[in-house]
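1. quick one, fold the following:
(2 chains)
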Amino acid sequence: MALSYKSSYLMTFFLNLITIVMYFFFGKMNPDMTVFGIQSTYLEFCFLGLSLQMIIGTSLATVCGSIYNEIVSGTWSYLLFQFNFIEYSIGSTLAGVVLSSLSVFAALFLAYLFMGSFYVISIQEVMLVIVLFLLILIAHMSISMIFASFTIYYQKNSGLVPLLYQLTRTFTGIVFPLSLLKGFPMIVSRALPLTYGLEALHSVILTDETNWQLILTNSMILLISSIVIGIFAIFLASKSIAHSKKHNKVDWY
Amino acid sequence: MSTDEVIKVIEKFEHSNFSTSFWMGFKATFFRNIKIIWQYKFALLLGFVNTFAVASLFFYIGNLVPGQTITQDGYIVSSVTYIFAGSMLVDISTRILRKSMNSFTSEMKQGTFETLATQPFGLKKYFVSEITFEVLYSLVFSVIYYIPVLLIFPIFKGGLNLNFVSVLSFLLVIVCVIFFFFSLSLLAANVTILIKRGREISMIIIGVMHLLSGSLFPLSLFPEWLRIIAYISPMTLAVQSFRLCLFGQGTLLNGIVWGSVVMLILMSIIMLILFNLTYKKIYSKIRYKGTMHEY
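-> Just a heads-up that it's a prediction; the model follows:
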């Protein structure tokens, strides 16, 4: 009688679609996006961020959440014999992301169904979108690796992932333009990787003339921050694993 | 062991001389949960930031509405205030459901549910005391978290249009919403122990309620068929009457307000009856099938 993990996935997927439908109806109030310098309708604008939302959530939560589950289930010590931390992180993130990527296609299908048109983009722009998508994924996976190292050290779920996910949903320009933000919220926004990724994606897909400088700058920011965060995460994780081994509490929580 | 025997064992526990009173059991559950929460005190601090982020989302979305005003049920209010009020009610009430479901999910995951369910206290009392704790905890902390948020965003400044009777009606609506979510959490927790995946179940219920409640937009934007479906969800009328009391001096004499109160109470009673009818059967079933620890 217990629901399988497949049903669980479908439920999460359905939830993402509900969110998209909610903003579809909000878009019927016709927010004027040209005021914010965006040459598209509200729906075209927010569909991009909303379709990415589930993937971002998955890449943020996977490594940290999976390791916590392994610790609670008592399988973490066994896994440490079989894999190293980086292999485990990349493998588990990819598995989660491949499944949640379906939400992008579902969102595009909804966009077609409700808006009557697809985003019209060239092959070159498709390649750019794929590169940006990968950079966004890697950046969030690196952050998840940092949180995972806290989980390994403290054997507790810190609650930082849901918080960062909520901050990302609010301050990265998913459902409203970044130009609305001023002061401290703007600083928060600029500290989140999705802001740069989404800004570049909006530039590629929603504008007629691609702003190469913006795309290049944002891509470099994503790449460099992923490398720096990734290295820091690996360092922290190795210290945490060494600490839990030394104190003989790998599976203790 | 057959299902009947399992039921006999549960009844023996519930009616044994050693059976604890509800108050004693509630106290035990309360102290146990407080100790667990204290272990995660860092998460309490994160709650402030999380609430700030959620509230900011409502605030900025409200700024996108053309003309920045919304007219509904005879009152005109700023779109920011309108969206903030509706979404805040949905956010706080759904926290109750989420916390309750998460609590049962984690007990099952960690293998402590069986021990708690077989205490000489009674399964029903355990369910009720656990959900009562989660309702109180979520409410108290939601209020604490929203106080600084309302100081940062003075949303309701100048937007409120209240009188004494509308304040009383407003409080009644709030109490009914809490009662509704208490009953819903009780029933949902019961279902969770059978089909597991409490987090996902709560997220689906919350998502559908959020969409149908019209927290982000007036329901007039829905097509006719969806509007009819929306009114099946008690939260739709609850959000509408909540706003009416706050911005349009709505009182119990208004059809929307009393309609929402009646609907919330009626739905709560139905859910309590359903819980009462099913909790023993579900518990016996998972014991019989041996899926108590399965997750």
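2. how many residues are close by B:Ser183?
-> Look at B:Ser183: counted by other Cβ atoms under 10 Å in any protein chain shown, it has 22 neighbours. C-beta: built from backbone N, CA, C; applies to glycine.
3. to clarify, my last question referred to A:Val98.
-> Quick note: A:Val98 (other Cβ under 10 Å) scores 11 neighbours.
4. equivalent analysis for B:Ser241, please.
-> When neighbours are defined as other Cβ under 10 Å, B:Ser241 has 30 of them.
5. now do the helix or strand B:Met271 falls within: distance to the chain's middle.
-> With elements taken from DSSP states H and E, the one containing B:Met271 is helix B:255-289. Averaging C-alpha positions (Cα atoms, centre = their mean, to the nearest Å) puts helix B:255-289 13 Å from its chain's average.
6. got the buried residues for that helix?
-> Buried positions in helix B:255-289, judged by neighbour count with 16 or more other Cβ atoms under 10 Å in any protein chain shown: B:256-258, B:260-261, B:263-265, B:267-268, B:271-272, B:275, B:279-280, B:282-287.
7. now B:Tyr145. Nearest residue, chain neighbours left out?
-> In space, and not counting its chain neighbours, B:Tyr145 is closest to B:Thr51: 3.9 Å by Cβ to Cβ, 6 or more residues apart in numbering or on different chains.
8. tell me, what's the model's pLDDT at that neighbour?
-> B:Thr51 is assigned a predicted lDDT (pLDDT) of 91.
9. next one: B:Cys176
-> Listed pLDDT for B:Cys176 reads 95.
10. which other helices and strands contact the host helix or strand of A:Phe24?
-> Assigned by DSSP H and E, A:Phe24 belongs to helix A:5-27. Applying 3 or more Cβ pairs under 8 Å, 6 or more residues apart in numbering or on different chains; DSSP states H and E, one finds that helix A:5-27 makes contact with helix A:42-73, helix A:85-100, helix A:102-115, helix B:198-213.
11. among these, which one carries the weakest average confidence?
-> helix A:102-115 (a mean of 70).
12. check whether stretch A:67-79 comes near chain B.
-> Yes: looking at stretch A:67-79 against chain B by Cβ under 8 Å from any Cβ of the partner chain, the contacts come from A:Val72.
13. take the helices and strands packed on helix A:5-27 and write them to CSV, including distance to A:Leu17.
-> Formatted as CSV, the helices and strands packed on helix A:5-27 follow (distance: least, Cβ to Cβ, whole Å):
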stretch, distance to A:Leu17
helix A:42-73, 9
helix A:85-100, 12
helix A:102-115, 6
helix B:198-213, 9
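14. nearest to A:Leu128, of those helices?
-> Nearest to A:Leu128, of all the helices and strands packed on helix A:5-27, is helix A:42-73, at 13.4 Å by Cβ to Cβ.
15. got the buried residues for the closest one?
-> A:42-68, A:70-72.
16. packing partners for that helix?
-> helix A:5-27, helix A:76-82, helix A:85-100, helix A:102-115, helix A:123-154, helix A:160-171, helix A:193-206.
17. ok, which of those helices comes nearest B:Arg32?
-> Nearest of the helices and strands packed on helix A:42-73 (Cβ to Cβ): helix A:123-154, 21.0 Å.
18. what angle sits between the closest one and helix A:42-73?
-> Orientation check (axes from the mean of the first three to the mean of the last three Cα atoms, to 10 degrees): helix A:123-154 against helix A:42-73 gives 30 degrees.
19. contact residues of the stretch 1-150 of chain B facing chain A?
-> So the stretch 1-150 of chain B meets chain A at B:39-40, B:42-43, B:46, B:49-50, B:53-54, B:56-57, B:60-61, B:63-66, B:109-110 (Cβ under 8 Å from any Cβ).
20. near chain A, which of the buried residues of helix B:255-289 show up?
-> Among the buried residues of helix B:255-289, the ones lying near chain A by Cβ under 8 Å from any Cβ are B:285-286.
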